[in-house]
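> here is my input; please provide its structure:
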Amino acid sequence: MRTTNLIFLISVIIGAALGFFGAASMFAINSWDVTREFGKTDLIEKPADIKLPPDSNVKAYIENDVYDFGIKDVKEKGTHEFTIKNIGSGVLTLQVDRTTCTCTGIVLNRYRLSAGESAIATVHYDAERATTGHYEQGGIIVTNDPNKPEITLSIRGIFTSPIVVSSSVILLPNVPAAEKQTAKVRLYGFEKESLKLEPPTWSDKTHFHLNFEPSELNEEDKKNSLFKHAHSVYEGTLTVSPGLPIGTFQELFNIKTSYNSEPSIEIFARGRVFGNGITLAGQGFDREKGIMSIETIRSGERIIRDISIQLTGTNMQNANVKIKEVRPEWLKTAITKGSVETDVRRFFTLSIEIPSNAPQCNYFTSDENKAAMIILETGLIESPIIKIPVQFAIEK
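I've put the predicted structure just below:
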């Protein structure tokens, strides 16, 4: 009986051991293969808990700890090798400590260097969300050299796209309704081949016109750390003609280019048109932007906001504010005429109501095509239309 129990106990122990090693094999995780990523190296595996007590017999030397890539496309990856040499008599120990961001990594091909030996520290930079302009990244390697306990490695340069526009949004904050307005925009090509542009395309040909002409680097461009490297330059002239509705506007221009890397670009024109003799005011109305902002409300709530409208001028016979269009259609609006009326001044009140049965929605947007909008007629020749974007949201 005892022999049987002993055999059973031994079987259990052997089975558990086999199960443990099987599980360990099943759940083993392969470490990152530096050789596969960067080619053949003399990698010495990094101990689990390396200690770096100072050793006065070692001396770490690096000739250059900063590398400048110069101009790089935002889609490119950057890799540079730094050489660290032990010019002392002891064993130099190295360890990667930290980097400035997750887009940067450092790989050492050796962690212990005898006298006279060198290690390669490969710094790689992969910025998937990089934007144009200057960048500088890097990291720190700690050593057991008491005179150089840390080595800071840095890579830097200037990111650029094949084509850069001085401003992808042309802002015209104050456009008189009855006057022509112009604005300039510059476009820079960074590929060595000469950049060529096709005429822009856009929707509103009545009130907008954008034309590009070849140009040269001007004195201001030459002082700019990015623009001075451009191989091609164009200058565009945007013309806004009279007749736009009072309020905000936006227009999208699409431009085809000769670069395969960037075959087309987009430029927006945004701004606000004001009319002499037209004044709008009210709770939540931003007079600078011409936008009515209503707070976020709960589903089932009802809210009303008023905007006072004053028309002033020498020709008020035909002045009469009327509602032309409302978006969304369930937004309730009404116009009330003021009791005071003269030959040079008239008053109106626009009431905006979000009804209690309104659906859940979000109209906090800068896209005019998706915005809630109230369009009014004024009866005035110079400023016949007023557009009022309305920003609000309805939640549960």
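
> got the contact list for the closest residue to P54 other than its chain neighbours?
The shortest distance from P54 to any non-neighbouring residue, by C-beta to C-beta, 6 or more residues apart in numbering, is to P146 (3.8 Å). Just so you know, the C-beta spots here come from the backbone N, C-alpha and C atoms, and that holds for glycine as well. Contacts for P146 (C-beta atoms under 8 Å, 6 or more residues apart in numbering) come out as P54, D55, S56.

> same question for I84.
I84 neighbours (C-beta under 8 Å, 6+ apart): A60, Y61, I62, L92, L94, L113, S118, A119, I120, A121, I141, I151.

> and the first one, bridged to which residues?
When you say that, I think you mean A60. Beta bridges link A60 to N86 when assigned by DSSP bridges.

> also the last one?
With DSSP bridges as the criterion, I151 is bridged to I141.

> make sure I have this right: the residue nearest to P54 is in a helix.
No: with DSSP: H, G, I helix; E, B strand; the rest coil as the criterion, P146 is located in coil rather than a helix.

> what pLDDT does it get?
Per-residue confidence (pLDDT) for P146: 93.

> A60 versus that one, what's the distance?
Counting by C-beta to C-beta, to the nearest Å, the gap from P146 to A60 is 10 Å.

> try K196
In terms of C-beta to C-beta, K196 sits 52 Å off from A60.

> could you do A393 as well?
For A393 relative to A60 (C-beta to C-beta), the value is 59 Å.

> what do you get for H207?
67 Å.

> those two - which one has more neighbours?
Neighbour count, other C-beta atoms under 10 Å: between H207 and A60, A60 has more, with 23 against 17.

> that one contacts T93, correct?
No: between A60 and T93 there is no contact under C-beta atoms under 8 Å: 9.7 Å.

> which residues are common contacts for the two?
Joint contacts of A60 and T93 (C-beta under 8 Å, 6+ apart) are T143.

> so in terms of bridging, what pairs with L376?
Here L376, judged by DSSP bridges, has bridge partners I323, I386.

> let me fix that, I meant to ask about I278.
Going by DSSP bridges, I278 forms beta bridges with L311.

> residues near it, how many?
For I278, using other C-beta under 10 Å, the count is 20.

> hang on, G236 in a strand?
Yes: assessed with three-state DSSP, G236 lies in a strand.

> in terms of pLDDT, where does it sit?
97.

> list of residues touching stretch 359-368?
248-250, 299, 328, 330, 370-372, 389-396.

> wait, stretch 176-186
Under C-beta under 8 Å, 6+ apart, the answer for stretch 176-186 is 165-167, 170, 172, 175, 215, 221, 227, 233-244, 246, 267, 269, 273-276, 382-383.

> just the ones of these in helices?
Judged by DSSP state H, helices contain the following of the contacts of stretch 176-186: D221.

> tell me which of the contacts of stretch 176-186 fall in strands.
165, 170, 172, 175, 215, 233-240, 267, 269, 273-274 (DSSP state E).

> apply the buried test to those and list what passes.
165, 170, 172, 175, 233-236, 238, 240, 267, 269, 273-274 (16 or more other C-beta atoms under 10 Å).

> for these, which one is nearest I323?
Closest to I323 out of these is V273 (19.0 Å), distances taken as C-beta to C-beta.

> looks like the closest one contacts P245 (just checking).
Yes: using C-beta under 8 Å as the test, V273 is close enough to P245 to be in contact (6.6 Å).

> what touches both of the two?
In contact with both V273 and P245: no residue, using C-beta under 8 Å, 6+ apart.

> what about this structure, any weak spots by pLDDT?
Across the chain, the ranges flagged by pLDDT under 70 are 1-51, 72-76, 127-133.

> ok, 80 please
1-52, 70-78, 102, 126-135, 157-160, 314-315, 317, 340-341, 343 (pLDDT under 80).

> helices along that one, start to end?
According to DSSP H, the helices that the chain contains are 2-26, 34-38, 219-223.

> just checking, which of the contacts of stretch 359-368 belong to strands?
Going by DSSP E, the strands hold T248, F249, Q250, A372, P389, V390, Q391, A393, I394, E395 from the contacts of stretch 359-368.

> and the first one, how far from V390?
In other words, T248. 12 Å.

> between those two, which is the more surrounded one?
V390 (24 against 21).

> name whatever forms a beta bridge with that one.
M292, A372.

> was I right about it contacting G290?
No: the pair V390 / G290 is not scored as a contact, 11.1 Å apart, by C-beta under 8 Å.

> quick one: contacts for the closest residue to E216 other than its chain neighbours?
Leaving out its chain neighbours, the residue that sits closest to E216 by C-beta to C-beta, 6+ apart is V233, at 5.9 Å. Residues in contact with V233 (C-beta under 8 Å, 6+ apart) are R186, L187, Y188, G189, P214, S215, E216, L217, D221.

> beta partners of V233?
Y188, S215.

> tell me the domain boundaries of this structure?
34-160, 163-274, 278-395 (automatic domain parsing).

> residues contacting S114?
S114 neighbours (C-beta under 8 Å, 6+ apart): N86, V91.

> state the distance from it to S356.
When S114 is compared with S356 (using C-beta to C-beta), they lie 82 Å apart.

> can you check H134 too?
54 Å.

> what does K322 give?
Counting by C-beta to C-beta - K322 and S356 are separated by 26 Å.

> what of S339?
30 Å.

> about what we covered before: what subset of the contacts of I84 is buried?
A60, I62, L92, L94, L113, A119, A121, I141, I151.

> let's have these in TSV, adding distance to K85.
Below are those laid out as TSV (distance: C-beta to C-beta, whole Å):
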residue	distance to K85
A60	8
I62	7
L92	9
L94	11
L113	8
A119	8
A121	11
I141	13
I151	11
